[in-house]
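# let me see the structure of the following:
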Amino acid sequence: MKLRAWMKAWPVLRQVHSGDLLGRGPSVTSPITERLTARTVTADRVVPSVCPYCAVGCGQRIFVQDERVTQVEGDPDSPVSRGRLCPKGSATLDLVTSPTRQTTVLYRAPYSRDWQPLGLNEATDMIAERVLATRRRTWQDTDEHGRPLRRTMGIAMLGGATLDNEENYLIKKLFTALGAIQIENQARI
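Numbering: from 1, shown residues only. Prediction:
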């Protein structure tokens, strides 16, 4: 067998011959590996983002090609996570691109068994009307001694652990402005 054939068959010989004794350079690169390119190299742009799962706020890089998300990785420039993601954060690509992801608003009328699609504007208006009607109906301006209360006991808020600090801050401000005093977060319960 010729030396070249042995070198192809035995990577150790390539390492010694090329001086790459640790086997971290071109001596251990196969022709198949040389032809491969990373999915992230072909991206049109990289969008910085924050992981949607918990309040830690790990940085993510979203790789977009042809206006579609092709890869999600940890952001090494993030001071929070330094490029690392937990298993849920690593699965963000599946969250975004899953064929079973619900992309339309569905509404089930009272006593109905079926869900029907609803436009986003119509759903938002319906929610706003119901919140304002509940606030009006359950508003307590003063107590029995005339002391100011300015609250509603008909609205409560339970936040989730998938929200980041900024979202929780804005939700707290919104529900406080509505007069709700029952504001809690799932992460604390």
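
# mind checking pLDDT for residue 136?
Per-residue pLDDT puts residue 136 at 96.

# dump the longest helix seen in the chain to CSV, restricted to CA.
Across the chain, the longest stretch assigned as helix under DSSP state H is helix 120-138. The C-alpha trace of helix 120-138 is given here as CSV (Å, rounded to 0.1, in the frame of the first residue of the first chain):
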residue,chain,number,x,y,z
LEU,A,120,-56.8,39.9,15.7
ASN,A,121,-58.3,43.4,15.8
GLU,A,122,-61.7,41.9,16.6
ALA,A,123,-60.3,39.8,19.4
THR,A,124,-58.3,42.7,20.8
ASP,A,125,-61.4,44.9,20.8
MET,A,126,-63.5,42.1,22.4
ILE,A,127,-60.9,41.8,25.2
ALA,A,128,-60.7,45.5,25.8
GLU,A,129,-64.5,45.9,26.0
ARG,A,130,-64.8,43.0,28.5
VAL,A,131,-62.0,44.4,30.7
LEU,A,132,-63.5,47.9,30.7
ALA,A,133,-67.0,46.5,31.4
THR,A,134,-65.7,44.4,34.3
ARG,A,135,-63.8,47.3,35.7
ARG,A,136,-66.9,49.6,35.5
ARG,A,137,-69.1,47.0,37.1
THR,A,138,-66.8,46.0,40.0
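
# ok now that helix, how far from the chain's centre?
27 Å (C-alpha atoms, centre = their mean, to the nearest Å).

# so which bits of that helix are buried?
131, 135 (16 or more other C-beta atoms under 10 Å). All C-beta atoms are positioned from the backbone trio N, CA, C, and that covers glycine.

# could you list the domains of this protein?
3-35, 45-97, 105-188 (automatic domain parsing).

# so the residue most central in space within the chain: helix, strand or coil?
The residue lying closest to the centre of the chain (C-alpha atoms, centre = their mean) is residue 52, at 2.4 Å. Reduced to three states with DSSP: H, G, I helix; E, B strand; the rest coil, the structure at residue 52 is coil.

# quick one: it from residue 74, how far?
To residue 74, residue 52 is 14 Å away according to C-beta to C-beta, to the nearest Å.
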